[in-house]
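A.B. asks: I need the structure of the sequence given here:
(2 chains)
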Amino acid sequence: MALCAVSALALAWLVFTRLTEGTGWLGFLLSAFAAFLVLLYIVTADRLGRLAATDRVMTVLVVTGAVILLVPLVLLNVYIFQKGLKALRLGFFLDDQRGITPVMASSAGGGAHAVVGTIQQVGLALLFSLPLGLGAAIFLNESRSRWRRPVRVFVDAMSGLPSVLAGLFVFAVLILPYASSIKIFSFNGLMASLALALIMLPTITRTVEVVLRLVPDGLREAGLALGSTRVRTTWSVVLPTARTGITTAVVLGVARAVGETAPLLFTAFGYDLMNANPTDGAQESLPLFVYRNIRKPDAAAVERGFAGALVLMLIVIGLFALARFIGRDRSKARTRKATRRPVRDATPVPEDAA
Amino acid sequence: MTDADSPIASAPVAPAPVAPAPVASAPVASYIPGSATANGANGANGAAEHRAPVTLTGGPPPGAATLRSVDLCAWFGDRLVLEDVNLLMPAGQVTALIGPSGCGKSTFIRMLNRMHELVPSASLAGEVLLDGADIYGAGVRAQEIRMRIGMVFQKPNPFPAMTIRENVLAGLKLARIKCSDKDTLVEQSLARAGLWREVKDRLHSPGGALSGGQQQRLCIARSLAVHPNVLLMDEPCSALDPTSTARIEETIGELRDDVTIVIVTHNMQQAHRVSDLCAFFLAAENQPGRVVEFGPTEKIFTEPDDPRTLQYVQGRFG
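C.D. replies: Sure, this is the predicted structure:
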């Protein structure tokens, strides 16, 4: 196969650059790849038959597709790491931007205020959206209401909501009319968490609904047959059974919201100093920190922005890893028990009692 | 008592490879009636019953109850699936429902504790009398009825999020029944289901970790923990191996004094072995199911009145 590749490269070089005088690396690579496929097919067909040749060619095509897909992903991650690591010091998690001037190095100051803001806003958003999302999912899956269809359509539509609209909605409905009269409806972390809750709600609802659908009907029947009401069955049987799935839904919802910038633009607004009170005054958050710093003209600020992006990316990757871990944990534990079971079963057969 | 203690004491000592050997050598049929397992299980029950019975507050009234269906019909949508079923299931007896698939046995047994109405398109007519009172009467709560008439399903369905102990006590939690001595109740219920000695050392491991037969007996224990008056069993052994089936039949035999049992089964030998009364259901093509014959099990299996019953119990069709 390696020989095939080498000869394909040689052939492509011969045909592409010498005979037809083509230019550009993309065209060269494409024609080399095509030549490689043809050569691979011919060589394999000659030695192993056409079926094996087709199989090889298809394998190469599929693997190539996967590699092409992976390249931008890996490049993106490497790029953020390279750029971000420069300004990422321990101080990033301890300091805010107090007293930072454009002439200072990128490692001075930090994004602690952004980390605190993100935690508070996403935490509050979770507080709002989890009960609502759980309630909606239970309504969709456990009730027999005629309104389930419209609600489901609505939730589906909401999950496609452009995130900037969520921020705009909070801005237009709460902040704009009431900011001058009621203090809590001004730019602050609470408003941001409301906008984020709008983003998280459909994600949580849909994930929990899928998880609830996976709970076998036999368990619901068993609960009802014991003399339980539907509500109690849902609370004591269905929800505990779906516990890990619901945790996964929460993690996915958080991961969805934590990276959102647009809803925060006209709600949290962004702020350079530490503000640990989400109900009063503008607040920073990690995505906003990235957005605001990368737009600044000085190189140090841009580097700080990349450090924020790196932290944010690590948080999101960590959350998804956590979701995978929680989702997988249970089945592993079960198989371990299953392998232990036969030994225990054998002991209590009391044939010797006679 | 000494009989009861010996297997309990010897069970943990006996090494795992020794115990299954007699099962393999002894035919299953002789395993059922008078074998050591039966004695051992009886002994264990005796031990549990020597204690004062656990009192439940808010649970069903004590004792077995008579169940009677009067002109019971069932529909799914517009389709009549069961017509004019009149059966008397006396207190403290085992009634078996037999018949080919699709003849309405399961529908009938689900109507007896109001599980039928959970299917969205289902409807019914007629009466089901529990000790003379219609369970479909006005103002009767389905939860109350299902608490008094327990049910065991075809597929073992212990609650996977609960431990063995929590599974047994699930009925109390779900139906809001109070109990002063939960430990004794767990032991008694598991002993009545013939599972106590197998699980007494791991009451806090998850119910899903048991084998299929043990899970089914756990479900029986869960139903028994609320002290129901009637226990419905919808093909409880169809997903189980012969040994587990034998254990469950044994359990049925021990329970018949305390609780009225109605069992649906496709296994005619099983119906013959466990039941006092037997009802044969049959549905002709595109016709609703009916009870062809109902009577003492011996009569149904030896000299039934209807030729179709004879053909069915002799295995000539169905």
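
A.B. asks: is residue A:110 in a helix, a strand, or coil?
C.D. replies: Assigned with DSSP: H, G, I helix; E, B strand; the rest coil, residue A:110 falls in the coil class.

A.B. asks: wait, it touches residue A:98, no?
C.D. replies: No - the pair residue A:110 / residue A:98 is not scored as a contact, 9.8 Å apart, by Cβ atoms under 8 Å. C-betas here are computed from N, CA, C, even on glycine.

A.B. asks: the more surrounded of the two?
C.D. replies: residue A:110 (25 against 11; other Cβ atoms under 10 Å in any protein chain shown).

A.B. asks: got the confidence number for the more buried one?
C.D. replies: On the pLDDT scale, residue A:110 is placed at 83.

A.B. asks: residue contacts, it?
C.D. replies: Residue A:110 sits next to A:89, A:91, A:92, A:93, A:94, A:95, A:96, A:97 when contact means Cβ atoms under 8 Å, 6 or more residues apart in numbering or on different chains.

A.B. asks: if I pick whatever residue of the stretch 101-250 of chain B ends up closest to chain A, what's in contact with it?
C.D. replies: Distances between the stretch 101-250 of chain B and chain A by Cβ to the nearest Cβ are smallest at residue B:147, namely 2.9 Å. Contacts for residue B:147 (Cβ under 8 Å, 6+ apart) come out as A:226, A:227, B:59, B:60, B:171, B:175, B:177, B:226, B:228.

A.B. asks: relative to residue A:250, which of those is nearest.
C.D. replies: Ranked by distance to residue A:250 (Cβ to Cβ), these are led by residue A:226 at 29.4 Å.

A.B. asks: leaving out sequence neighbours, find the closest residue to that closest one.
C.D. replies: The shortest distance from residue A:226 to any residue other than its chain neighbours is 4.1 Å, reached at residue B:171 (Cβ to Cβ, 6 or more residues apart in numbering or on different chains).

A.B. asks: for burial, what's the neighbour tally of that neighbour?
C.D. replies: Other residues within reach of residue B:171, judged by other Cβ under 10 Å, total 29.

A.B. asks: re earlier: quick check: PyMOL command selecting the buried ones in the contacts of residue A:110.
C.D. replies: Burial among these is assessed by 16 or more other Cβ atoms under 10 Å in any protein chain shown; the matching PyMOL selection reads:
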select buried, chain A and resi 89+92+95+96+97
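
A.B. asks: residue A:131: neighbouring residues, count only.
C.D. replies: By other Cβ under 10 Å, 11 other residues sit near residue A:131.

A.B. asks: any idea which helix or strand carries it?
C.D. replies: Using DSSP states H and E, residue A:131 falls within helix A:112-142.

A.B. asks: is that helix anywhere near chain B?
C.D. replies: No - using Cβ under 8 Å from any Cβ of the partner chain, we find that helix A:112-142 stays clear of chain B, coming within 12.2 Å at best.

A.B. asks: now that helix: how far from the chain's centre is it?
C.D. replies: Distance, stretch centre to chain centre, for helix A:112-142: 15 Å (Cα atoms, centre = their mean, to the nearest Å).

A.B. asks: quick one: buried residues of that helix?
C.D. replies: In terms of neighbour count (16+ other Cβ under 10 Å), helix A:112-142 has its buried residues at A:112-122, A:124-126, A:128-130, A:133-134, A:136-142.

A.B. asks: show me what it is packed against.
C.D. replies: Contacts defined by 3 or more Cβ pairs under 8 Å, 6 or more residues apart in numbering or on different chains; DSSP states H and E place helix A:112-142 against helix A:148-159, helix A:189-213, helix A:243-258, helix A:286-294, helix A:299-346.

A.B. asks: state the mean pLDDT of stretch B:195-204.
C.D. replies: 90.

A.B. asks: for that stretch, buried residues please.
C.D. replies: Neighbour-count burial for stretch B:195-204 flags B:195, B:196, B:197, B:198, B:199, B:200, B:203 (criterion: 16+ other Cβ under 10 Å).

A.B. asks: possible to save these as TSV with distance to chain A and secondary structure?
C.D. replies: Shown next, in TSV, are those (distance: Cβ to the nearest Cβ, whole Å; DSSP: H, G, I helix; E, B strand; the rest coil):
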residue	distance to chain A	secondary structure
B:195	9	coil
B:196	10	helix
B:197	5	helix
B:198	4	helix
B:199	9	helix
B:200	9	coil
B:203	13	coil
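
A.B. asks: any idea how many residues pack against residue 277?
C.D. replies: Using chain A here. By the measure other Cβ under 10 Å, the count of residues near residue A:277 is 12.

A.B. asks: meant chain B actually
C.D. replies: 20.

A.B. asks: also the one 5 residues further on?
C.D. replies: With neighbours defined by other Cβ under 10 Å, the count for residue B:282 comes to 21.

A.B. asks: who's the closest spatial neighbour of residue A:167, skipping the chain neighbours?
C.D. replies: residue A:263 (3.7 Å).
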